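Novice: heads up, no residue letters with this:
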């Protein structure tokens, strides 16, 4: 799929094609009005028109066929009364809509805005079945080794996004993601307009293109290379007053990253559902004071849950009895004091944890650093949840992953009314 911004030359070229279409439509209409029909000439003009429209569609919408111009369906009626007028009507509709699309894409402020607009137009105007087939074509364009890697990756994490098993014609991940794009296009448009910087828009655009292309270049392009996971120093400012809550603390890797990045805090709460990881974390953080370790799960109610460790590298909460019982708490009930930062990486339980943290978020405005990649809906649904709870947040996206599919994508929600801390400056002594 095209990666460069539309040039002035391309814009002018497409404009000329549209003018040619307009002239041809008017000519066909004039012949019809005068009664001097030349069927052979009309057929030639219709053929040229079809080729031109399909060429422009492909350039602007990645597909020769679009939903607002059904020429194939109309061709079945050729020779019937009213066919010619209906054909002209279809072309007039196409011309108006495609002109609107051209202007919107060309006048996008930068290449990433244009790519996102083009993708949203593609999702809106191209049939879902065709999009699914084109994603499959992108997959089959990879080498046999790449296809095998992708299939293993999505089979391993099938509970998150859906499976991929090309040899057995299983393409759940493709169907799930294309369906999510179709059904939640307005949500993705809302998110793109809401996120707070161009880097975030790049991350979202690359993520969605990777969904429909399997192009690993998009994953590489959006990967954060300057800062550690979660702690973007251009966005997340912390001081000695921080009360940090780490949900999904694992063996203390995020806590250590925080300490190594900022070096100061007031208190830190580390929640982890896996007992062995908890023991490793206590050892790794043993030299640091004021850390409270909680072998609990965080959700939307105080109850009992169960730990499922069947997926490699991640433990998650489930309702069915796995033999590994865990206490579940609402963060609003489990921590009474004011918190200033909440990090979540809890394998798809983030929505429930947010629902159990409404008081903290609404009243205390903590910095929120939340994983939004564990399924196909968190990327848009969690931002909406946060804004519904507290509209004072500004949203950002960062990507820290480099796997075969887009992962380790973090939503950073920062109170837009926060006071910027004074940056320390090195003072040279005379």
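Specialist: Nice, I can see it. This one's a predicted model, so the numbers in the text were calculated from it and none came from an experiment. Numbers count the residues shown, from 1 in each chain.
Novice: in stretch 223-242, which residues are buried?
Specialist: By neighbour count, with 16 or more other Cβ atoms under 10 Å as the criterion, the buried positions of stretch 223-242 are 223, 224, 227, 228, 229, 230, 231, 232, 235, 236, 238, 242. No exception for glycine: its C-beta is placed from N, CA and C like everyone else's.
Novice: show me the contacts for the first one.
Specialist: Residue 223 is in contact with 399, 400, 401, 402, counting by Cβ atoms under 8 Å, 6 or more residues apart in numbering.
Novice: just the buried members of these?
Specialist: When burial is judged by neighbour count using 16+ other Cβ under 10 Å, the buried members of the contacts of residue 223 are 399, 400, 401.
Novice: next one: phi and psi at the first one?
Specialist: Read that as residue 399. In this entry, residue 399 is assigned phi and psi values of phi -120, psi 130 (degrees, to the nearest 10).
Novice: pretty sure it contacts residue 405?
Specialist: No - taking Cβ atoms under 8 Å as the definition, residue 399 is not a contact partner of residue 405, at 11.6 Å.
Novice: what is the neighbour count of the residue lying closest to residue 288 once chain neighbours are set aside?
Specialist: Closest residue in space to residue 288, ignoring its immediate chain neighbours: residue 259 at 6.3 Å, by Cβ to Cβ, 6 or more residues apart in numbering. Taking other Cβ atoms under 10 Å as the neighbour definition, residue 259 ends up with a count of 18.
Novice: pull out the buried positions in the one helix or strand residue 9 maps to.
Specialist: Using DSSP states H and E, residue 9 maps to helix 8-34. Counting neighbours by 16+ other Cβ under 10 Å, one finds that the buried residues in helix 8-34 are 14, 17, 18, 21, 24, 25, 28, 31.
Novice: nearest to residue 100, of these?
Specialist: Nearest to residue 100 among the buried residues of helix 8-34: residue 18, at 11.2 Å, using Cβ to Cβ.
Novice: and the closest one, what does it touch?
Specialist: The neighbourhood of residue 18, defined by Cβ under 8 Å, 6+ apart, consists of 56, 95, 98, 99, 102.
Novice: could the residues you listed be laid out in CSV, adding pLDDT?
Specialist: CSV is the format used below for the contacts of residue 18 (pLDDT from 0 to 100):
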residue, pLDDT
56, 95
95, 95
98, 96
99, 97
102, 97
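Novice: buried ones among these?
Specialist: Buried, going by 16+ other Cβ under 10 Å: 56, 95, 98, 99, 102, out of the contacts of residue 18.
Novice: out of the buried ones among the contacts of residue 223, which is nearest to residue 286?
Specialist: Closest to residue 286 out of these is residue 400 (26.2 Å), distances taken as Cβ to Cβ.
Novice: and the gap between the closest one and residue 203?
Specialist: Distance, residue 400 to residue 203, using Cβ to Cβ, to the nearest Å: 10 Å.
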